[in-house]
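**Student:** how does the following fold in three dimensions:
(chains A and B)
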Amino acid sequence: MRKKALYTNDPHIQALAQIVGEEAILYRKEDLIAYDCDGFTVHRHLPKAVVFPKHTAEVAAVVKYCHEHDLPFLARGAGTGLSGGAIPLNGEVVISLVRMKRLISVDLENRRAVVEPGFVNLKLTNSVANRGYYYAPDPSSQYCCTIGGNVAENAGGAHCLKYGVTTNHILGLEVVLPNGEMIEIGENGILDPPGYDLLGLLTGSEGTLGIVTKITVRILKSPEAKQTVLAYFDRVNDASQTVSDIISAGIVPAALEMMDQTAIEAVEAAAFPVGHPNDIEALLLIEVDGISAGIDEQIEEILHICRTRNVREVKVAQDEQERAKWWANRKTGFGAMGAISPDYLVQDGVIPRSKLPEVLQQIQQISEKYGLRIANIFHAGDGNLHPLVLFDSEKPGETEKALAAGSECLQACAAVGGSITGEHGVGIEKKEEMRFIFTDEEITAQTNIRDVFNRKNLLNAGKLFPTPGRCVEVKRA
Amino acid sequence: MHTAQVVEELNALFPHMHKEEQEAHPLGNGGAVALFPQTEDEIRNVVTYAREKKKKLAIIGGGTKRGFGGLVERTDLLLSLANYRGIVEHAVADMVITVKAGTNFQQLQDYLAEYRQKIALDPFLPLSATIGGVIAANDSGPKRLGYGAARDSVIGLRLIYPDGTVIRTGGKVVKNVAGYDMNKLFIGSMGTLGILSEVTVKLRPLPKYESLVLLAFPTGDTDTIRSFAVQFLDSMMEPVCLELLNPSLAEQLTGKRVYTLVIGFEDVKSAVHYQEAFVQRMQPPHTTMTILPPQEAQKFWQTFYEISPNGAMPPTDRAVEAAVKIGVVNLDVISVLRESELLQAFNVDIRAHGGLGHGLCRVYIKGAAESVVSSIEQLQAIAKQRKGYAVVTHLPLSFRQTIDVWGGKPSYFFLLEGIKAKIDPQRMFNDQRFVGGI
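**Tutor:** Numbering: from 1, shown residues only, chains lettered A, B, ... in the order given. Below is the predicted model:
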C-alpha cells in the first residue's frame, strides 16, 4: 500500500476511503489484479476495491456502507484458500483483514488466546511455544494463512486426526454481521453459551454469514513426547490396509499421512527431498504423541502392523531434525507438483477409511480415462483424500479436462458415502458438486440459515451453494 | 377438541402405534396424548398430522431432562422416541456408528465395548438417557476435558423438519466441511428445530487402562487447590478430567467431607502409572491421595453419573430438587464452588462439582421451595459476576414459570429467533422450551 491521492469520481470509493483512510484503499485496475483470485486460480474476477480496515469499527462501517448502498462485499485473509471463497465474483468490495493482525491476549492458565483475524496461524504457536503450548489446527499453509481465514473455512491439517479441526478449537467470536451490526458469541471463551450454537455454525461458513473480527481460541499444552515413523510400501493396498489396522488397534495417531508414487516423484524433485525410493507405490508418515511412558509401546505396535502388511522399509525418526525434514517434505507436497507439472488442481474428498483401496483404484481409472496424471497426498487417517490432477493449462482443453477429472474424483468419494470436501471448503469450485451429497431440500435448509444472517445476500454471494435451477443440467452432464 | 376425540382420530390414523393418555406431570413438558412411533415414517406421519391439525408436539426420549427448560405443562401431543431405537449401521473399521435417536445411551456403550470402542461422551444418567436426548440437550460430564462434547463427536444427523421433510446434516465421514456445519445447529437446540431421527457419531477406542486419582484437600484452602491445578495443568500430563468436588458431594462419593479433586487418566497402562506417580510427586502437603484402579474407577463413575436429579424418576420426598449448569472461565470454577457453599445459609443441601480444565460446573440444590429458588437466583448472580452464565437444568415446572431458567437472552437473540422462525414458523416443536421462550 502506498500513500497517494484519490483519483476517482466514484462516490463509493470516495466514501470508503473516508472510512478507512486514503492510504488503506486500492481501486485502480493495476492494484486490483492481485485480488482477482485466491489459491484457486481457475476463476478470476476483479474486485471493485480493496479496503484494509485497522479495527472492528472500520470493518463495521465499511459493511454498513455496503449494506446501505447494495454493494456486494466479502472478507479476505491471506488469500490461501483453495476453493475460491475469496474471489470477488460479483465485483465485490474486498475487505482485507491483514492489517488486523494483533495477538490481543494470551491466558495460559485457562488455555486460551484472543487474536485478530489477520493473525497468522503459525505465529500463534510460535508466541506460546516457549511456555510449552501450541495452537492445534495446522493447515499446510500455516506459515502464512490467517486464523480468520481458518475460521471461515474450518481449516484442518495433518494433526486434526487426533486434535480436531478449527471448529473444535474456537471458543469465542466477535462478528460483524452483513448489515454492519457487531455481535459477540462465546464471550470470554466460556463453553456452551445458552442458545443455538452459532459459533459452530459460523465456523466453516466460508465468509457468507458474517465477518469475524476477533477470535478466542483454545491453546493446548504440547505433548510430552512425539515419535514419527516413515514406512515404504511396494503396494498401495498394503499401505491402505496398514492405515485401517492402526486405527482398529485402538491407536489414535496424531497424524497418519500417505503419498503415492506420483506424489513421491514430485516431492523428491522439489525443494525438500528426503531420499524416498522411487519404485515404491506408497509411503506412510505416522506420528504418535502423548505421555512419554506410553509412546514406545505404541510405536512398537505400529512397526509390527507395518511389517505384517509387507512393508519394504520402516524407520523411526532419530531426532527432531529428521522429523522436521520428513514433515517439510510432506507439507510442501502440493507446491512440489510444480516440479513435475506446469499446473495442478487439488481436490479434497473424504471417504470412510475402509474404502481407501477401492477409491484409490477408481482415481487411478479416472486418471487413465482423462489421460492426466493424478498424484495422491493425503490425510489417510481420517480418509481425507487430496487427489492432485496434473495438467498443462497451455494445452487447449486440458484445464476443462482436469476440472472434470477432479469432479469425477469427488463423485467417487460421494458414491461410497463420503464428502466432497474435508478441509478446503466448497467456495466456487465445488458448489455444483454439493448436489452429489445433498438433496434440494437439504441445500435449501442451509440457504435458509444464510438468509437469517445475510438477508440481502451481499456478503460473498454465489459461493458454497449450487446455482438454483442448474440441477438437471448438472445431473445430465 | 377433547382428548377423547384426538385419541379416536389418532387410532384411526395410526392403529398400530402405541398411545397413552397423559396426566399432568410436575415437570411439565408433556402432551395430552403420548405417541410412541417405531419408524421414521411413523414419526413423519405424526408430524404431518400435527401440522395439518395445527397441533403442537413435545418431544421426549428417556425423560431424564424433563425438568430442563419449558413453560408448558401439557401441549397437544407428546412424541416419545423411546420405542424408536437400535443401531442403523456400525462401520467397525471406520469407527463410526449411526443409531436411532431413542437408543439408550448405556446400552449403546455396552454394545460398543464388545468392539473395544466407545462414544467419547460422558453424559449424566446414561442408564435412562437416550442418545437423542443427550445430543438435543448437549449434555456432557467431567471427561469433556479429554474428549470434548457432542459438538466434537457428532458427524451427522438425520432430522425431521416441522414441514415433514427429512434433512440430513453432515455425513458419515470424520472430516467434512461441505456446506454449513448444520450439525451444530441442532446439538443443544432442545428439540426446538427438528426431531432427531438418526445420529452418526465418530467413536474412540476404549482406553487400554484407566485410573482415578482422588486428591483430598482437608484444610479447605481453595488457594492451595488453585495453585496445584495451575501447576498440574502446566505440566504435560494428559488427564481426561480434572474435576473438583465440593465437600458434601465428595462425602457422598468418597466418604470424606472435604474438597476433592478427581483426576482421571486413560491411556496405556505404563502411561497411566507414570502420570499417577507424577501427581504423587507434586502432591501438596496436608492432602491425601487415593488411586482407584480400573474397576473401582468405573464404579466411581457409575455412581457419579447418577447424582443428577432424574426427570424420569418420581421425586422421593417433598423437598424440591434443582440442578444448575454454570459456565465460567476454567479456573473460576474454584470460586464458583467456594461461593456456592455459602448457599447452605438458605438451609439447602448443596452438592457441586466443576471442571478446572473446561469451566463447566454443576450445582445440585435440595430443600424447601423458597430456599431453592433463592439459591438459584444467587447462583445466577455468582455466574454473572464472573461474566459467565447459569442455566437451570432441572426444576419443577411451577418454579420454571417464575424464574428465567436460561438466565436471560443473549445480545444476538434476534438471530436465534430468526433461525427458529425460518425452520419452525408455527412453533410446532417443543414450543417455549428454549432460551427466551423459543
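**Student:** mind checking the end-to-end distance for stretch B:62-80?
**Tutor:** Distance between the two ends of stretch B:62-80: 8 Å, counting by C-alpha to C-alpha, to the nearest Å.
**Student:** what about that stretch and chain A, any contact?
**Tutor:** No. Figure legend: stretch B:62-80 not in contact with chain A (C-beta under 8 Å from any C-beta of the partner chain); closest approach 9.7 Å. Any C-beta I mention is one placed from the backbone N, CA and C, and that applies to glycine too.
**Student:** same question for that stretch, mean pLDDT?
**Tutor:** For stretch B:62-80, mean pLDDT is 97.
**Student:** return the distance of that stretch from the chain's centre.
**Tutor:** How far stretch B:62-80 lies from its chain's middle: 15 Å, per C-alpha atoms, centre = their mean, to the nearest Å.
**Student:** tell me which residues in it are buried?
**Tutor:** Neighbour-count burial for stretch B:62-80, with 16 or more other C-beta atoms under 10 Å in any protein chain shown as criterion, is recorded at B:62-70, B:72-80.
**Student:** with stretch A:331-350 instead?
**Tutor:** Buried-residue list, stretch A:331-350, by 16+ other C-beta under 10 Å: A:331, A:333-337, A:340-341, A:343-350.
**Student:** that stretch near chain B at all?
**Tutor:** Yes. Applying C-beta under 8 Å from any C-beta, one finds stretch A:331-350 touching chain B at residue A:350.
**Student:** closest residue of the stretch 1-150 of chain A to chain B?
**Tutor:** Relative to chain B, the nearest point of the stretch 1-150 of chain A is residue A:110 (4.3 Å; C-beta to the nearest C-beta).
**Student:** among the buried residues of stretch A:331-350, which ones are in strands?
**Tutor:** A:343-346 (DSSP state E).
**Student:** run through the residues of the stretch 301-450 of chain A sitting next to chain B.
**Tutor:** A:350-354, A:379, A:382-384, A:417-426, A:430, A:434, A:437-439, A:441-443, A:445-446, A:448-450.
**Student:** buried ones among the residues you listed?
**Tutor:** Buried, going by 16+ other C-beta under 10 Å: A:350-354, A:379, A:382-384, A:417-426, A:430, A:434, A:437-438, A:442-443, A:445-446, A:449-450, out of these.
**Student:** from those residues, which land in strands?
**Tutor:** The members of these that map onto strands under DSSP E are residue A:379.
**Student:** and the pLDDT at residue 374?
**Tutor:** All of this is about chain A. 97.
**Student:** try chain B instead
**Tutor:** You'll see residue B:374 listed with a pLDDT of 97.
**Student:** and it, how many neighbours does it have?
**Tutor:** Using other C-beta atoms under 10 Å in any protein chain shown, residue B:374 has 17 neighbouring residues.
**Student:** excluding sequence neighbours, find me the nearest residue to it.
**Tutor:** residue B:346 (5.4 Å; C-beta to C-beta, 6 or more residues apart in numbering or on different chains).
**Student:** ok, of the ones in strands among the buried residues of stretch A:331-350, which one's closest to chain B?
**Tutor:** residue A:346 (14.5 Å).
**Student:** remind me which helix or strand the nearest residue to the closest one once chain neighbours are set aside belongs to.
**Tutor:** Once flanking residues are discounted, residue A:346 sits nearest to residue A:388: 5.2 Å by C-beta to C-beta, 6+ apart. Using DSSP states H and E, residue A:388 maps to strand A:387-391.
**Student:** which stretches in the stretch 201-350 of chain A count as helices?
**Tutor:** A:236-248, A:261-269, A:292-308, A:320-331, A:333-336 (DSSP state H, counting those that start in this stretch).
**Student:** what's the neighbour count on the residue of the stretch 101-250 of chain B found nearest chain A?
**Tutor:** Using C-beta to the nearest C-beta, the closest approach of the stretch 101-250 of chain B to chain A is made by residue B:184 at 2.7 Å. By the measure other C-beta under 10 Å, the count of residues near residue B:184 is 25.
**Student:** so which elements touch the helix or strand where it lies?
**Tutor:** In the assignment (DSSP H and E), residue B:184 maps to helix B:183-186. Helix B:183-186 sits against helix A:198-202, strand B:154-160, strand B:166-170, with contacts defined as 3 or more C-beta pairs under 8 Å, 6 or more residues apart in numbering or on different chains; DSSP states H and E.
**Student:** may I see the buried residues of that helix?
**Tutor:** B:183-186.
**Student:** which of the buried residues of stretch B:62-80 fall within helices?
**Tutor:** Among the buried residues of stretch B:62-80, DSSP state H puts none in helices.
**Student:** okay, now residue B:302: neighbour count?
**Tutor:** 12.
**Student:** so what's the backbone phi/psi at it?
**Tutor:** Main-chain dihedrals, residue B:302, degrees, to the nearest 10: phi -60, psi -40.
**Student:** now do residue A:425
**Tutor:** Dihedral angles for residue A:425 - degrees, to the nearest 10 - are phi 90, psi 170.
**Student:** how about residue A:250?
**Tutor:** Per degrees, to the nearest 10, the backbone of residue A:250 is at phi 80, psi 20.
**Student:** can you tell me if the strand or helix carrying residue B:415 touches chain A.
**Tutor:** Secondary structure assigned from DSSP H and E places residue B:415 in helix B:413-423. Yes. Applying C-beta under 8 Å from any C-beta, one finds helix B:413-423 in contact with chain A at B:413, B:415-416, B:418-419, B:422-423.
**Student:** angle of that helix against strand B:154-160?
**Tutor:** 50 degrees (axes from the mean of the first three to the mean of the last three C-alpha atoms, to 10 degrees).
**Student:** quick check: angle from helix B:413-423 to strand B:166-170?
**Tutor:** Here the directions of helix B:413-423 and strand B:166-170 differ by 130 degrees (the same axes, to 10 degrees).
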